[in-house]
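A.B. asks: Turn this into a model:
(chains A and B)
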There are 2 protein chains.
Amino acid sequence: MSEETLKGAYQPTERTVPTRSRERASYDRTLVHQILDSTFLCHLGFVAEDGRPVVLPTLFARVEDRLYLHGSTGSRPLRGAGERDDGLPVCVTVTLVDGLVLARSAFHHSVNYRSVVVHGHAHQVTDPAERALALDAVVDGVLAGRAADCRPGDARELAATAVIRLDLREVSAKARTGGPHDEPEDLALPHWSGVLPVTTGFGVPIPADDLDPTVPLPHYLAGGGPRNGAGR
Amino acid sequence: MSEETLKGAYQPTERTVPTRSRERASYDRTLVHQILDSTFLCHLGFVAEDGRPVVLPTLFARVEDRLYLHGSTGSRPLRGAGERDDGLPVCVTVTLVDGLVLARSAFHHSVNYRSVVVHGHAHQVTDPAERALALDAVVDGVLAGRAADCRPGDARELAATAVIRLDLREVSAKARTGGPHDEPEDLALPHWSGVLPVTTGFGVPIPADDLDPTVPLPHYLAGGGPRNGAGR
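C.D. replies: As a prediction, this is how the structure comes out:
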């Protein structure tokens, strides 16, 4: 495999090749990064001590080929990632819904979406510089520009915050786009068919009750939100 | 415990009592159902044969105290649920993001959200009547009114569709609402603080390329979308 291919795509593995709808799967690094950068919410899956699966919604941010997740040092998966030398086996999934696909038949109903699934081992980050970078990335991932416009964590706050890292190695994206695929014999049925786009945006900012009214709305909040896809 | 309590709330278990932010947890049946009914997308977690966690985005619908998920008979978790007499241990998580909470300090940044986590064993549904009910519920869960306005599955399509059921027993909701909680000594800092609401809606319906232009837009699509929260 050429260096260019290595740079441009993640290597498929048994885990990242889907058992169905393989034509929707992609290992393209740019596409994976675009999907990850379109939101700040992931679903983190791990196996609990009792052997049962657990899925928790969590904030995250991507920095180059790494995902950073943060949370309380008391939370179960973050604690688990710190206790194991080889890290905690996790699956991190990000999903954006773009539209509802309405076919003439119930069977061909679908959803237009973009998703990324990451498999790997999550490690606790202890290096202070990497922790600071990760925490800024998570704040800026929620709202670009915000990390530089708030008070950074102090020693007590940083001590209470766990940061885990998951390297992007075993990664796949999946996406469906376009209209419904009806059976030829269904085309004359009298049911409307097409796509209902799903949109996400921001409402009018609501100042805190205790906000000094002379503090202006920052530039990154003007216009009602910085980017598409956030919040999903 | 009185019958009224049993009707009104799910029984907390070790798994559904969070290790942190316990004040955000609820076992109220009405709240759990409201959150589940506000979307059609869940994240399904299970433990793969190699012992590693897997999290997949999946459509679902609630019917009374049961969740129904559907997919191809070839998909891994659905196949797993059919092969085991005691069902497949799963965790199903639903998350709605309502707003970004911007505090003066990086540490107190947060997200307003509503989530539900369901633990249990998923079982394949084989009874034809229950399968039909579940499939209609999933279509209507995406878009209320649609199940009656499309061609139902035929024998071949139904044979290719797996339906799994997860009973709502071990369930908890979690929610954060309201503004930021800043430290008293941070209140005079010059950073804007408050909540940026996150909104979800529907765009203008896009007819299929092959749609007969005399087919009218159905009533459940008029006005640009049937309900809040869908699509997240």
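
A.B. asks: how distant is stretch A:38-47 from the center of its chain?
C.D. replies: 6 Å (CA atoms, centre = their mean, to the nearest Å).

A.B. asks: Mind jotting down where the strands sit in chain A?
C.D. replies: Taking DSSP state E as the test, the strands found in chain A are A:25-26, A:41-47, A:53-63, A:66-72, A:88-102, A:110-124, A:161-167, A:170-176, A:194-202, A:206-207.

A.B. asks: Could you save those strands as a markdown table and add columns showing mean neighbour count, distance to chain B and mean pLDDT?
C.D. replies: All C-beta spots, glycine's among them, are computed from the backbone N, C-alpha and C. Formatted as a markdown table, those follow (neighbours: other CB atoms under 10 Å in any protein chain shown; distance: least, CB to the nearest CB, whole Å; pLDDT from 0 to 100):
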| stretch | mean neighbour count | distance to chain B | mean pLDDT |
| --- | --- | --- | --- |
| strand A:25-26 | 18 | 13 | 90 |
| strand A:41-47 | 26 | 4 | 96 |
| strand A:53-63 | 22 | 4 | 95 |
| strand A:66-72 | 21 | 5 | 88 |
| strand A:88-102 | 24 | 4 | 97 |
| strand A:110-124 | 22 | 5 | 96 |
| strand A:161-167 | 22 | 7 | 94 |
| strand A:170-176 | 21 | 9 | 96 |
| strand A:194-202 | 20 | 3 | 95 |
| strand A:206-207 | 16 | 4 | 97 |
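
A.B. asks: Which one of those lies nearest to B:Leu196?
C.D. replies: Nearest to B:Leu196 among those is strand A:194-202; the distance by CB to CB comes to 5.4 Å.

A.B. asks: Give the pairing partners of the closest one; include direction for each.
C.D. replies: Note on strand A:194-202: by DSSP bridges, its sheet partners are strand A:88-102 (antiparallel), strand B:194-202 (antiparallel), strand B:206-207 (antiparallel).

A.B. asks: residue farthest from the centroid of chain A?
C.D. replies: Using CA atoms, centre = their mean, the residue of chain A lying farthest from its centre is A:Ala188. It sits 40.2 Å away.

A.B. asks: Distance of the closest residue to that one other than its chain neighbours relative to A:Leu189?
C.D. replies: Nearest residue to A:Ala188 in three dimensions, chain neighbours excluded: B:Asp212, at 7.5 Å (CB to CB, 6 or more residues apart in numbering or on different chains). According to CB to CB, to the nearest Å, B:Asp212 and A:Leu189 sit 9 Å apart.

A.B. asks: Please identify which of the two sits among more neighbours.
C.D. replies: The neighbour count for B:Asp212 versus A:Leu189, taken as other CB atoms under 10 Å in any protein chain shown, is higher for A:Leu189 (18 against 13).

A.B. asks: Can you tell me, leaving aside adjacent residues, what's nearest to the more buried one?
C.D. replies: A:Arg104 (4.5 Å).

A.B. asks: A:Gly51 too?
C.D. replies: B:Val47 is the one closest to A:Gly51 (CB to CB, 6+ apart), at 7.0 Å.

A.B. asks: Residues in a beta bridge with that neighbour, which ones?
C.D. replies: Bridge pairing for B:Val47 - DSSP bridges - gives B:Pro53.

A.B. asks: re the thing from before, so the residue nearest to A:Leu189 makes contact with A:Gly194?
C.D. replies: No: A:Arg104 is beyond contact range of A:Gly194, at 10.5 Å (criterion: CB atoms under 8 Å).

A.B. asks: anything in contact with each of these two?
C.D. replies: A:Pro180 (CB atoms under 8 Å, 6 or more residues apart in numbering or on different chains).

A.B. asks: For A:Arg151, find the nearest of the strands of chain A.
C.D. replies: When the strands of chain A are compared (using CB to CB), the closest one is strand A:161-167, at 14.1 Å.

A.B. asks: in its sheet, what does that closest one sit against?
C.D. replies: Strand A:161-167 has these strand partners (DSSP bridges): strand A:66-72 (antiparallel), strand A:110-124 (antiparallel).

A.B. asks: Only C-alpha atoms, please: export that strand in PDB.
C.D. replies: Backbone C-alpha positions of strand A:161-167 (Å, rounded to 0.1, in the frame of the first residue of the first chain) are rendered in PDB as follows:
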ATOM      1  CA  THR A 161     -11.600  16.200  35.200                       C
ATOM      2  CA  ALA A 162     -10.600  13.000  33.400                       C
ATOM      3  CA  VAL A 163      -9.600  13.000  29.800                       C
ATOM      4  CA  ILE A 164      -9.400   9.900  27.700                       C
ATOM      5  CA  ARG A 165      -7.900   9.500  24.200                       C
ATOM      6  CA  LEU A 166      -8.900   7.100  21.500                       C
ATOM      7  CA  ASP A 167      -6.700   6.900  18.500                       C
END
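
A.B. asks: That strand vs strand A:53-63, what angle?
C.D. replies: Calculated by axes from the mean of the first three to the mean of the last three CA atoms, to 10 degrees, strand A:161-167 forms an angle of 80 degrees with strand A:53-63.

A.B. asks: Give me the angle between strand A:161-167 and strand A:41-47.
C.D. replies: 80 degrees.

A.B. asks: can you list the residues that contact strand A:161-167?
C.D. replies: Contacts to strand A:161-167, defined as CB under 8 Å, 6+ apart, come from residues A:65-73, A:75, A:77-79, A:81-82, A:88, A:90, A:92, A:118, A:120-125, A:130-131, A:134-135, A:153, B:107.

A.B. asks: Where is the longest helix in chain A?
C.D. replies: The helix that spans the most residues within chain A, counting by DSSP state H, is helix A:128-142.

A.B. asks: quick revisit: pLDDT value on the residue farthest from the centre of chain A, please?
C.D. replies: Confidence at A:Ala188, expressed as pLDDT, is 95.

A.B. asks: Same question for A:His219.
C.D. replies: pLDDT, read off for A:His219, is 92.

A.B. asks: Could you do A:Met1 as well?
C.D. replies: Reported pLDDT for A:Met1: 44.

A.B. asks: so A:Val142 sits right up against B:Ala106, yeah?
C.D. replies: No: assessed by CB under 8 Å, A:Val142 is found out of contact with B:Ala106, at 10.7 Å.

A.B. asks: rewinding a little: tabulate the strands paired with strand A:194-202 (CSV), appending distance to B:Leu31.
C.D. replies: Listed next are those as CSV, based on distance: least, CB to CB, whole Å:
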stretch, distance to B:Leu31
strand A:88-102, 23
strand B:194-202, 19
strand B:206-207, 35
